[in-house]
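Student: Please work out how this folds:
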Amino acid sequence: QVHLVESGGGLVQPGGSLRLSCAPSELIWSAGDMAWYRQAPGKQRELVASISREAGEHVGSYADSVKGRFAISRDFDKAFLQMDSLKPEDTAVYYCKMKLWLTEFGGPADYWGQGTQVTVSS
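Tutor: Now for the predicted structure:
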């Protein structure tokens, strides 16, 4: 069964950078909207960044808390989240979400990654 595989999390000092990656575990037909969420201990999962196609271009949108520091990008069926100027409050488990078409004739479905831990601490 197809699932999303994430990588790139880890421990970083405040002000540092990390780059998260996410890709399906198997070949797929097509990928639509993609997004990154995060969940800190004791808090609800929140949307961090998303990327969708508008007027033929991929457009990213961001939570106010990460604007100017995070950048979402994609390459066909892969999603990336570049995180710069990290702060302790960015500490959380980060999840990717993708809308995928597994075959040419099937309908789309949403898939989630297993999560990758990001810890920002000195």
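Student: Just the strands from this structure, written as ranges.
Tutor: 4-7, 10-12, 18-24, 30-39, 46-54, 57-62, 70-75, 78-83, 92-101, 109-112, 116-120 (DSSP state E).
Student: any chance of those strands in CSV, plus mean neighbour count and mean pLDDT?
Tutor: Where C-beta positions appear, they are placed from N, C-alpha and C, glycine not excepted. Output for the strands of the chain, formatted as CSV (neighbours: other CB atoms under 10 Å; pLDDT from 0 to 100):
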stretch, mean neighbour count, mean pLDDT
strand 4-7, 17, 96
strand 10-12, 14, 98
strand 18-24, 20, 97
strand 30-39, 20, 95
strand 46-54, 16, 91
strand 57-62, 13, 86
strand 70-75, 17, 95
strand 78-83, 22, 97
strand 92-101, 20, 96
strand 109-112, 14, 96
strand 116-120, 18, 98
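Student: any idea how far the residue of the chain positioned farthest from its centre lies from residue 60?
Tutor: Here the centre of the chain is the reference, and by CA atoms, centre = their mean the most remote residue is residue 105, at 26.4 Å. Per CB to CB, to the nearest Å, residue 105 is found 30 Å from residue 60.
Student: show me what contacts residue 111?
Tutor: Residues near residue 111 by CB atoms under 8 Å, 6 or more residues apart in numbering: 2, 3, 4, 24, 97, 98, 99, 100.
Student: ok, what's across the strand from it?
Tutor: For residue 111, the beta-bridge partners under DSSP bridges are residue 98.
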